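S.K.: all I have is the shape, not the residue letters:
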């Protein structure tokens, strides 16, 4: 098996295959069982967020296995995210997340979106009156404090464009270790990967298969004739081809399937080899962003009046 970890700019290693825990509606027992199965299959990187409502389930499952001696805390890489309503106080938000997961520290803490909401707004889709004035410098000072206090081992961002990364680096005394964004064969993030690469910021891919199974997700990637024909040629599955493409770009994959066979199938993508022609064919595919973030755009209270402003025309 190929090396399945990446060394981040903060000095720690992160498993390249992460297990996503967003599910709606969120059923705690189903999530806990999925995590226990994922551990058996070999997953060690778990991705949650305050807004997913899965922090407690993730913590319960992991702590049960740690307590019973089947895994060590050091073997686990745990990520969670700062929701918009907590930008005013990242330290308190992370302390609450740590209480939720029952851990002393996170491995990685991400700013979920470049959007600030009023305190106590816990809607995944904010209302117009929920937005607050974004002060990313103040937010990042709070994130750096989380790191300095030992509440997490690395800090990073999610859903940041190249331009927003560059702006953040203008004032950050500690650069983000990771930018977690939508990335797959139909949204390849060429410019962003180049920008992040120049600053040693690791690009982590959410929805690397296009988010099938989510209300907003799409089957367009796994059903695409190019992906299907490469899978046939390689005696693999379309999902494995899509994941292997992302891994070949040096990105980590945050996969989300609670089905044990799919968990194994996704993990087996490490063993697939794509040749240059396969990569070339994939990179001719039409591009289309699936998670566009329209719910964060409005004409009055959001910092972003248009979808182009949210993504700085990288859409």
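M.R.: Alright, I've got the coordinates. In this text the structure is predicted, and so the values were computed from the model without any measurement.
S.K.: CA atoms for contacts and neighbours, from now on please.
M.R.: Noted.
S.K.: how about low-confidence regions in the stretch 101-250 of the chain?
M.R.: By pLDDT under 70, the low-scoring segments of the stretch 101-250 of the chain are 213-216.
S.K.: strands along that one, start to end?
M.R.: Secondary structure of the stretch 101-250 of the chain (DSSP state E, counting those that start in this stretch): strands located at 108-111, 155-158, 178-182, 202-206.
S.K.: what residues sit buried inside stretch 227-246?
M.R.: Using 16 or more other Cα atoms under 10 Å as the test for burial, stretch 227-246 gives 227-228, 230-231, 234, 236-246.
S.K.: who touches it?
M.R.: Residues lying outside stretch 227-246 but in contact with it, judged by Cα atoms under 8 Å, 6 or more residues apart in numbering, are 183-185, 205, 208-209, 221-223, 252-253, 265-266, 268-270, 272-274, 278-279, 282.
S.K.: same question, stretch 48-58
M.R.: The set of residues that contact stretch 48-58 without belonging to it, under Cα under 8 Å, 6+ apart, is 20-23, 26, 28-29, 31-32, 35, 46, 78-83, 97, 100-102, 122-124.
S.K.: quick one: mean pLDDT for that stretch?
M.R.: Averaged across stretch 48-58, pLDDT comes to 93.
S.K.: thinking again about what came up before, narrow the buried residues of stretch 227-246 to those in helices?
M.R.: The helices in this structure, assigned by DSSP state H, contain 227-228, 230-231, 238-246 from these.
S.K.: quick one: the helices in the stretch 1-150 of the chain?
M.R.: Listed from the start of the chain, the stretch 1-150 of the chain has helices (DSSP state H, counting those that start in this stretch) covering 28-41, 55-67, 90-101, 136-148.
S.K.: and those helices as JSON lines, adding distance to residue 217?
M.R.: Shown next, in JSON lines, are the helices of the stretch 1-150 of the chain (distance: least, Cα to Cα, whole Å):
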{"stretch": "helix 28-41", "distance to residue 217": "19"}
{"stretch": "helix 55-67", "distance to residue 217": "22"}
{"stretch": "helix 90-101", "distance to residue 217": "27"}
{"stretch": "helix 136-148", "distance to residue 217": "29"}
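S.K.: quick one: closest of the ones you listed to residue 163.
M.R.: With Cα to Cα, the closest approach to residue 163 among the helices of the stretch 1-150 of the chain belongs to helix 136-148: 13.2 Å.
S.K.: got the angle for the closest one vs helix 90-101?
M.R.: Direction vectors for helix 136-148 and helix 90-101, defined by axes from the mean of the first three to the mean of the last three Cα atoms, to 10 degrees, enclose an angle of 50 degrees.
S.K.: for helix 136-148, name the packing helices and strands.
M.R.: With contacts taken as 3 or more Cα pairs under 8 Å, 6 or more residues apart in numbering; DSSP states H and E, helix 136-148 sits against helix 90-101, strand 155-158, helix 162-171.
S.K.: most tightly packed of these?
M.R.: With neighbours defined as mean count of other Cα atoms under 10 Å, these peak in mean count at strand 155-158, which reaches a mean of 24.
S.K.: strands paired with it, and their directions?
M.R.: If you go by DSSP bridges, strand 155-158 pairs up with strand 108-111 (parallel), strand 178-182 (parallel).
S.K.: for residue 160, which of those strands is the nearest?
M.R.: Relative to residue 160, the nearest member of these by Cα to Cα is strand 178-182, separated by 6.8 Å.
S.K.: chain center to stretch 248-259, what's the gap?
M.R.: Distance, stretch centre to chain centre, for stretch 248-259: 9 Å (Cα atoms, centre = their mean, to the nearest Å).
S.K.: export the helices and strands packed on helix 136-148 to JSON lines and tack on distance to residue 142?
M.R.: Compiled in JSON lines, these are given as follows (distance: least, Cα to Cα, whole Å):
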{"stretch": "helix 90-101", "distance to residue 142": "5"}
{"stretch": "strand 155-158", "distance to residue 142": "11"}
{"stretch": "helix 162-171", "distance to residue 142": "13"}
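S.K.: closest one to residue 65 among these?
M.R.: Across the helices and strands packed on helix 136-148, the minimum distance to residue 65, taken as Cα to Cα, is reached by helix 90-101, at 13.3 Å.
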